[in-house]
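Enquirer: Take this sequence and fold it.
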Amino acid sequence: MNKKLERVEQAILIIRNQKVILDRDLANLYGVETKVLNQAVKRNPDRFPEDFMFQLSLEEVQNLRSQFVTSSYGGRRYLPYAFTEHGALMAANVLNSPQAIVMSVAIVRTFIKLRQILSVNKDLVRRLDELEKKYDQHFQVVFRAIKQLMEPPIQPKEKEKPRIGFHG
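Expert: Residues are numbered from 1 along each chain as shown. Sure thing, here's the model as predicted:
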């Protein structure tokens, strides 16, 4: 796999049921300091509506820290920003550096790849449902077993928390 795509894929997290890249990771991908990225964003607020970028809550930051068992997002004076796919591309436009342009292409390709993976899985489920309707009871055990294998593992229930991290 292309190294640029790998870097982008590792930076994508799921926060508020959206695939996002945090400001620090996006700045790193674009080869600028986080402060420079956030200043460029603040100078262009009309380009970053809520569906392009949002600021994490204190609880979300604490969940990130506990997930990664590190204080890598600590020591900041403000809460980090999360950029959706469109926000990440808009950031490349306001930064307009050669590395930002190259990495924005990698970001687009990575998000396309993630959508394709999800699409293939949905198509597989649809086809399995069609086969299940078509064949008789003798195959019901097989279909149930296949569906169980496709289900994500059941985690012990704790207090319901928002999903954070990459979930393909």
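
Enquirer: correct me, but P80 touches L58?
Expert: No: using C-beta atoms under 8 Å, P80 is not in contact with L58; the gap is 10.8 Å. Placement of C-beta: from N, CA and C, glycine included.

Enquirer: Pick out whichever of these two has more residues nearby.
Expert: P80 (18 against 8; other C-beta atoms under 10 Å).

Enquirer: after the helix or strand N28 falls within, next one along is what?
Expert: Element membership for N28 (DSSP states H and E) is helix 23-30. Following helix 23-30 in sequence order, the next helix or strand is helix 34-43 (DSSP H and E).

Enquirer: what's downstream of that following helix, the next helix or strand?
Expert: Following helix 34-43 in sequence, per DSSP H and E, is strand 53-55.

Enquirer: Show me what that next one packs onto, helices and strands only.
Expert: Packing partners of strand 53-55 (3 or more C-beta pairs under 8 Å, 6 or more residues apart in numbering; DSSP states H and E): strand 81-83.

Enquirer: Are there helices or strands packed against the strand it packs on, and which ones?
Expert: Short answer (3+ C-beta pairs under 8 Å, 6+ apart): strand 81-83 packs on strand 18-22, helix 23-30, strand 53-55.

Enquirer: Among the ones you listed, which comes closest to P98?
Expert: helix 23-30 (10.1 Å; C-beta to C-beta).

Enquirer: what sits up against that closest one?
Expert: 7-8, 11, 21, 33-34, 36-38, 73, 80-83, 88, 91-92, 95, 97, 99-100, 103, 106-107 (C-beta atoms under 8 Å, 6 or more residues apart in numbering).

Enquirer: rerun that using 7 Å as the cut-off
Expert: 7-8, 11, 33-34, 36-38, 80-81, 83, 88, 91-92, 95, 97, 99-100, 103 (C-beta atoms under 7 Å, 6 or more residues apart in numbering).

Enquirer: Okay, and the beta partners of I21?
Expert: Using DSSP bridges, the bridge partners assigned to I21 are I12, F83.

Enquirer: Sweet, I'm off.
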